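In: all I have is the shape, not the residue letters:
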DNA sequence: ATAGGGTTAG
């Protein structure tokens, strides 16, 4: 009895140590426990799996081996934790292997396992398969949890079936299903994504009527949608509503609002919100810093931007690829192309997973100061390109009257299956037509058509 | 475990 109590105490202890990211401390507590005769049980190991999975599946999987060596029997929770972490670690394909392995070991999946599996299938863009599992759960009466329904509705929304999600929601309600705030937020987000603002607003009303209190997530989702839709009156109305309920106005909301206001050039309002944010005492994270640095880059206050960079370092935060990209874009805007190129080099040295946007900013910057040959040089050195890269180049090549080169570039872009703005395509055709090459324009047009058909 | 935030063109 004493023993069991000690192990429970051990578990509580290492649980909070892991939560505080004190891995080594947790490890030493486990080892000391063993020395004192307090043996870890399956719960101890499951907590460890959860903690180690943030370093990848293999780190979590290693705990399974430890369990086998310690002769502790794996249970369904061990596997569910592992399978759930495949989604977070972008290794969804491995979740199916783990599922097989689990069944082979004679561990029967529970509702959680099926929930995770559904979620993975939706994430992989396979709503049909997810739907089949959902039906199985219902038919076999696996006692679906509220998460089952939430995952189902969210997955439908994310895969372009928002209307079906809504139908499911009404159907469930009809059968006595009581939605939680999360359920409502999923629907609001789904409706916003397909631009059905009015329905989204109606759901907001329903939330209040059902005596739930909408939270910051509800509001930021709606607000982002309003900003995208350029509905200025509703935007202001909603902003006021958000501000009047201060407690729902968190760092996420501030970043959304400030980011959107920067985009539409409302400098004065941005400043007000920035003052507000610091007065409320919101702890700035790297995303907030990026937002603020972007603001100072856009207003040309580079000293302030650099000051924030110092602050990031002092706080022990780490600049991410967004910070660097924003700086590169800012340097270009300030006319310091050399500095931007240097910063990009530095960024490459640091080894970020993607520097495509930063390259695009440099190409755009070079185009804007009409150093088109340099822009082409950078373009040629890029390993990955997207429609932005091509758009920047196409427009400035047209302006520079390099018709044949731009025609070639446009075709290679389309042939590689890349989408490019229709207006950029039109620009090239118009250029050719009105510069004495109507025949060439015609030929290019049919080539574009063929490339489009081949890509479909 | 399932909902929300930051960069690039037009």
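Out: Thanks, I have the structure now. Computed from a prediction, not measured in an experiment: that's the story for all the values here.
In: and the helix or strand encompassing residue A:79, which residues are buried?
Out: Using DSSP states H and E, residue A:79 maps to helix A:76-88. Neighbour counts over helix A:76-88 (16 or more other C-beta atoms under 10 Å) mark A:77-86 as buried. Quick note: C-beta positions are derived from backbone N, CA and C, even for glycine.
In: next one: stretch A:28-46
Out: For stretch A:28-46, a neighbour-count test (16+ other C-beta under 10 Å) marks A:29-30, A:33, A:38, A:40-46 as buried.
In: next one: it to chain centre, how far?
Out: 37 Å (C-alpha atoms, centre = their mean, to the nearest Å).
In: what's the answer for stretch A:123-130, then?
Out: 19 Å.
In: that one and DNA strand B, are they touching?
Out: No: using C-beta under 7 Å from any atom of the strand, stretch A:123-130 never reaches DNA strand B; the gap is at least 8.8 Å.
In: which residues sit against that stretch?
Out: Identification of contacts with stretch A:123-130 by C-beta atoms under 8 Å, 6 or more residues apart in numbering yields A:87, A:92, A:117-119, A:121-122, A:152, A:155-156, A:158-159, A:161.
In: swap in stretch A:103-116?
Out: Contacts of stretch A:103-116 (C-beta under 8 Å, 6+ apart): A:74-76, A:79-80, A:83-84, A:87, A:95, A:99, A:102, A:117, A:133, A:136-137, A:142-145, A:147-148, A:151.
In: 6 Å instead, please
Out: A:76, A:80, A:83-84, A:133, A:137, A:142, A:145, A:147-148, A:151 (C-beta atoms under 6 Å, 6 or more residues apart in numbering).
In: buried residues in it?
Out: A:107, A:109, A:112-116.
In: ok, the buried residues of helix A:76-88 vs residue A:220, which is closest?
Out: residue A:84 (25.4 Å; C-beta to C-beta).
In: can you give me the helices for the stretch 51-200 of chain A?
Out: For the stretch 51-200 of chain A, applying DSSP state H, counting those that start in this stretch gives helices covering A:57-69, A:76-88, A:93-104, A:111-123, A:127-139, A:146-158, A:162-174, A:181-193, A:197-209.
In: from residue A:181, how far off is residue A:435?
Out: Plainly put, residue A:435 is 60 Å away from residue A:181 if you go by C-beta to C-beta, to the nearest Å.
In: with residue A:391 instead?
Out: In terms of C-beta to C-beta, residue A:391 sits 41 Å off from residue A:181.
In: compare the two (neighbour count), which wins?
Out: It is residue A:391, of residue A:391 and residue A:181, that has more neighbours when counted by other C-beta atoms under 10 Å, with 20 against 15.
In: identify the residues contacting that one.
Out: Residue A:391 touches A:421, A:424, counting by C-beta under 6 Å, 6+ apart.
In: for it, what is the enclosing helix or strand?
Out: Under the criterion DSSP H and E, the helix or strand holding residue A:391 is helix A:387-399.
In: in that helix, what counts as buried?
Out: A:388-398.
In: is DNA strand B within reach of stretch A:318-328?
Out: Yes: Stretch A:318-328 reaches DNA strand B (C-beta under 7 Å from any atom of the strand) through A:320, A:322-323, A:325-326.
In: secondary structure and pLDDT added to those residues, as CSV?
Out: Putting those into CSV (DSSP: H, G, I helix; E, B strand; the rest coil; pLDDT from 0 to 100) gives the following:
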residue, secondary structure, pLDDT
A:320, coil, 91
A:322, helix, 94
A:323, helix, 94
A:325, helix, 95
A:326, helix, 95
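In: quick one, which of these are buried?
Out: Neighbour counting over those (16+ other C-beta under 10 Å) leaves A:322-323, A:325-326 as the buried ones.
In: and these, which two are the farthest apart?
Out: Using C-beta to C-beta, those span at most 7.4 Å, a distance reached by A:323 and A:325.
In: about what we covered before: save the buried residues of helix A:387-399 as JSON lines, and put in pLDDT and distance to DNA strand B too.
Out: Formatted as JSON lines, the buried residues of helix A:387-399 follow (pLDDT from 0 to 100; distance: C-beta to the nearest atom of the strand, whole Å):
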{"residue": "A:388", "pLDDT": "92", "distance to DNA strand B": "4"}
{"residue": "A:389", "pLDDT": "93", "distance to DNA strand B": "8"}
{"residue": "A:390", "pLDDT": "92", "distance to DNA strand B": "9"}
{"residue": "A:391", "pLDDT": "91", "distance to DNA strand B": "5"}
{"residue": "A:392", "pLDDT": "93", "distance to DNA strand B": "6"}
{"residue": "A:393", "pLDDT": "93", "distance to DNA strand B": "10"}
{"residue": "A:394", "pLDDT": "92", "distance to DNA strand B": "10"}
{"residue": "A:395", "pLDDT": "91", "distance to DNA strand B": "6"}
{"residue": "A:396", "pLDDT": "92", "distance to DNA strand B": "9"}
{"residue": "A:397", "pLDDT": "92", "distance to DNA strand B": "13"}
{"residue": "A:398", "pLDDT": "89", "distance to DNA strand B": "11"}
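In: would you format those as a markdown table with distance to residue A:214 included?
Out: Below are the buried residues of helix A:387-399 laid out as a markdown table (distance: C-beta to C-beta, whole Å):
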| residue | distance to residue A:214 |
| --- | --- |
| A:388 | 36 |
| A:389 | 41 |
| A:390 | 42 |
| A:391 | 39 |
| A:392 | 41 |
| A:393 | 45 |
| A:394 | 44 |
| A:395 | 43 |
| A:396 | 46 |
| A:397 | 49 |
| A:398 | 48 |
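In: kindly report the residues of the stretch 151-300 of chain A close to DNA strand B.
Out: Within the stretch 151-300 of chain A, the positions lying close to DNA strand B (C-beta under 7 Å from any atom of the strand) are A:151, A:154, A:181-182, A:185-186, A:189, A:215-218, A:220-221, A:224, A:250-253, A:255-256, A:259, A:262-263, A:285-288, A:290-291, A:294.
In: show me where the stretch 101-250 of chain A dips below the pLDDT cut-off.
Out: A:230-233, A:245-248 (pLDDT under 70).
In: quick one: name the residues of the stretch 301-450 of chain A near DNA strand B.
Out: Taking C-beta under 7 Å from any atom of the strand as the contact definition, the stretch 301-450 of chain A meets DNA strand B at A:320, A:322-323, A:325-326, A:329, A:357-358, A:360-361, A:364, A:387-388, A:391-392, A:395, A:421, A:423.
In: okay, the angle between the helix holding residue A:79 and helix A:111-123?
Out: Orientation check (axes from the mean of the first three to the mean of the last three C-alpha atoms, to 10 degrees): helix A:76-88 against helix A:111-123 gives 10 degrees.
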